[in-house]
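Asks: model the following, please.
(2 chains, ligands or ions: 1)
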Amino acid sequence: METKKDSQTIAEYIKNWSRKHSLFVMAYGTGCGAIEIPATMTSRYDAERLGIRGAATPRQADVLLITGYLATKTLKRVIRVYEQMQDPKYVIAFGSCTINGGMYYDSYNTINVLEKYIPVDVYINGCMPRPEAVIAGFKQLQDKIARGDADNGTRYKENLDWYRANQQQVIKNWRMPDYNW
Amino acid sequence: MLEQEQALLSQVTSAFPVKGKVMRNRRVEVWAESTTVSSILMYVKNQMGYQHLNHITCIDRIEDTKFQLVYTVFSHQTKMTLFVKTFIDRNAPVMDNIDHIWDQANTYERELREMYGIQFPGLVGAQEFILEDWDEMPPMRRDFKTEEYSEKTFSSLPGRENTQDVRETISTRSGEEIPDFAKKYSRD
Ligand code: SF4
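Replies: I've put the predicted structure just below:
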């Protein structure tokens, strides 16, 4: 931690420190993985002791969990949720399905590589990752925030054209709002 | 043995020109022409107490260029299940709409329409059921190449080509021996 402190200004350091201790997670689950979230949040693993808790709407949330395979139909909703979230925003992707298709690699209706559509901060592998692994993933995200290099929201805006091209390749009938951020 | 089942079978076969057999305890199947299916279902529902439509299933018999449809109905009095089976032409798949007999048939028929392209004349309901913006062949047909389609549309990263055992990768990477008890689950 000390070394990182040196490379940041005091204001940045404090900002990142407080951000990493209050991660509001968008209460939205896709695929099989959402079933591990209750286990992570409730008394046995109690993620709230690390500042991780649920948020009801995209505008209140910091973290979007993609908990498993994404149907193209769900991808549409995920993109809208992600675009409505306020900066700073982070994405954690669960399971093999989000990395490279997982066991749904040959499905006609699920995407294979999540990173082509929205930027991902942390991948947690496994099919399904257990709550320990989920918490380890959150820990990794917290370290990343503390280092000050979790700025995927900006990366998304800068490379919007590339992401849009990929998104429109799978979402054929594109009727999505444009934002002016 | 199986008197109840025999009685059900003979009641249906005497009322309609169908073949059938007792499959096992509390399971009876009949094979019907596709045009008589809706009257059979109407009859067993209204006259024989088979009130409950469990499911409508489609099987793609691509070798015979036919779709097989299976209507599963259940009686709460006798606890018996009746399967009404029929074939329709795969190249021009049309089947009678039965959602005037059971409302929930509407859902199954919309799914069959989307997943197999079977048309039900008079079926009311949105054309899209589960899929969105689908413009290919109905995806549950067996000649739809799902892996090819997935590769073309969603293109995966390299690394899926071989079926190398993940334990081997881990053991070479970390320099650990695969324990003996695990070797017997190895692929080769
Ligand atoms: S990685 Fe496994 S558990 Fe996760 S969504 Fe895919 S199949 Fe389900």
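Asks: contacts, neighbours, all on C-alpha from now
Replies: Noted.
Asks: which parts of chain A are helices?
Replies: If DSSP state H is used as the criterion, the helices of chain A fall at A:2-7, A:10-20, A:36-41, A:72-84, A:95-100, A:131-147, A:152-158, A:160-170.
Asks: got the ones you listed as a markdown table, with mean neighbour count, distance to B:Ala15 and mean pLDDT columns?
Replies: Output for the helices of chain A, formatted as a markdown table (neighbours: other CA atoms under 10 Å in any protein chain shown; distance: least, CA to CA, whole Å; pLDDT from 0 to 100):
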| stretch | mean neighbour count | distance to B:Ala15 | mean pLDDT |
| --- | --- | --- | --- |
| helix A:2-7 | 10 | 84 | 58 |
| helix A:10-20 | 16 | 73 | 90 |
| helix A:36-41 | 17 | 54 | 90 |
| helix A:72-84 | 18 | 47 | 92 |
| helix A:95-100 | 24 | 53 | 88 |
| helix A:131-147 | 19 | 60 | 91 |
| helix A:152-158 | 15 | 68 | 90 |
| helix A:160-170 | 15 | 52 | 91 |
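Asks: could these go into CSV alongside distance to chain B?
Replies: CSV is the format used below for the helices of chain A (distance: least, CA to the nearest CA, whole Å):
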stretch, distance to chain B
helix A:2-7, 30
helix A:10-20, 31
helix A:36-41, 24
helix A:72-84, 6
helix A:95-100, 6
helix A:131-147, 18
helix A:152-158, 20
helix A:160-170, 7
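Asks: who are the contact partners of residue 119?
Replies: Went with chain A since none was named. A:Val91, A:Asn152, A:Gly153, A:Arg155, A:Tyr156 (CA atoms under 8 Å, 6 or more residues apart in numbering or on different chains).
Asks: wrong one, chain B
Replies: B:Gln119 neighbours (CA under 8 Å, 6+ apart): B:Pro93, B:Val94, B:Met95, B:Arg113.
Asks: between the residues you listed, which sits nearest chain A?
Replies: Chain A has its nearest neighbour among the contacts of B:Gln119 in B:Arg113, at 17.1 Å by CA to the nearest CA.
Asks: please identify which helix or strand holds the residue nearest to the spatial centre of chain B.
Replies: When chain B is reduced to its mean C-alpha position, the nearest residue by CA atoms, centre = their mean turns out to be B:Thr57, at 3.4 Å. Element membership for B:Thr57, per DSSP states H and E: strand B:52-61.
Asks: and stretch A:13-26, how far from the chain's centre?
Replies: When distances are taken as CA atoms, centre = their mean, to the nearest Å, stretch A:13-26 is centred 14 Å away from the chain's centroid.
Asks: again with stretch A:24-44
Replies: Distance, centroid of stretch A:24-44 to centroid of chain: 13 Å (CA atoms, centre = their mean).
Asks: is that stretch positioned near the ligand?
Replies: Yes: judged by CA under 6 Å from any ligand atom, stretch A:24-44 and the ligand are in contact via A:Gly31, A:Cys32, A:Gly33.
Asks: near B:Asp64, how many other residues are there?
Replies: 10 (other CA atoms under 10 Å in any protein chain shown).
Asks: chain A contacts on chain B?
Replies: When proximity is defined by CA under 8 Å from any CA of the partner chain, chain B lies next to chain A at B:131-133, B:139, B:146-151, B:153-157.
Asks: go again with 6 Å.
Replies: Applying the criterion CA under 6 Å from any CA of the partner chain, the portion of chain B that neighbours chain A consists of B:Thr146, B:Glu147, B:Ser150, B:Phe154, B:Ser156.
Asks: mind listing what residue 117 touches?
Replies: You didn't pick a chain, so chain A it is. Residues touching A:Tyr117, when contacts are defined by CA atoms under 6 Å, 6 or more residues apart in numbering or on different chains, comprise A:Tyr163, A:Gln167.
Asks: you looked at the wrong chain, it should be chain B
Replies: B:Gly117 makes contact with B:Pro138, according to CA under 6 Å, 6+ apart.
Asks: gap between it and A:Lys15?
Replies: Applying CA to CA, to the nearest Å, one obtains 56 Å for the distance of B:Gly117 from A:Lys15.
Asks: centre of the chain to stretch A:167-181, how far?
Replies: 19 Å.
Asks: which stretches in chain B count as helices?
Replies: In chain B, the helices defined using DSSP H lie at B:3-15, B:37-46, B:105-116, B:146-154, B:166-174, B:180-183.
Asks: dump the ones you listed to JSON lines, plus mean pLDDT and mean neighbour count.
Replies: Formatted as JSON lines, the entries for these read as follows, by pLDDT from 0 to 100; neighbours: other CA atoms under 10 Å in any protein chain shown:
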{"stretch": "helix B:3-15", "mean pLDDT": "91", "mean neighbour count": "15"}
{"stretch": "helix B:37-46", "mean pLDDT": "93", "mean neighbour count": "18"}
{"stretch": "helix B:105-116", "mean pLDDT": "93", "mean neighbour count": "20"}
{"stretch": "helix B:146-154", "mean pLDDT": "89", "mean neighbour count": "17"}
{"stretch": "helix B:166-174", "mean pLDDT": "77", "mean neighbour count": "12"}
{"stretch": "helix B:180-183", "mean pLDDT": "76", "mean neighbour count": "9"}
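Asks: want to throw the ones you listed into CSV with distance to A:Thr74?
Replies: Converted to CSV, those look like this (distance: least, CA to CA, whole Å):
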stretch, distance to A:Thr74
helix B:3-15, 46
helix B:37-46, 37
helix B:105-116, 18
helix B:146-154, 15
helix B:166-174, 30
helix B:180-183, 39
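Asks: the ligand contacts on chain B?
Replies: On the criterion CA under 6 Å from any ligand atom, the ligand has no neighbours in chain B.
Asks: for chain B, which residue gets nearest to chain A?
Replies: B:Glu147 (4.3 Å).
Asks: surely that residue touches A:Tyr108?
Replies: No: counting by CA atoms under 6 Å, B:Glu147 sits too far from A:Tyr108 to count as a contact (7.2 Å).
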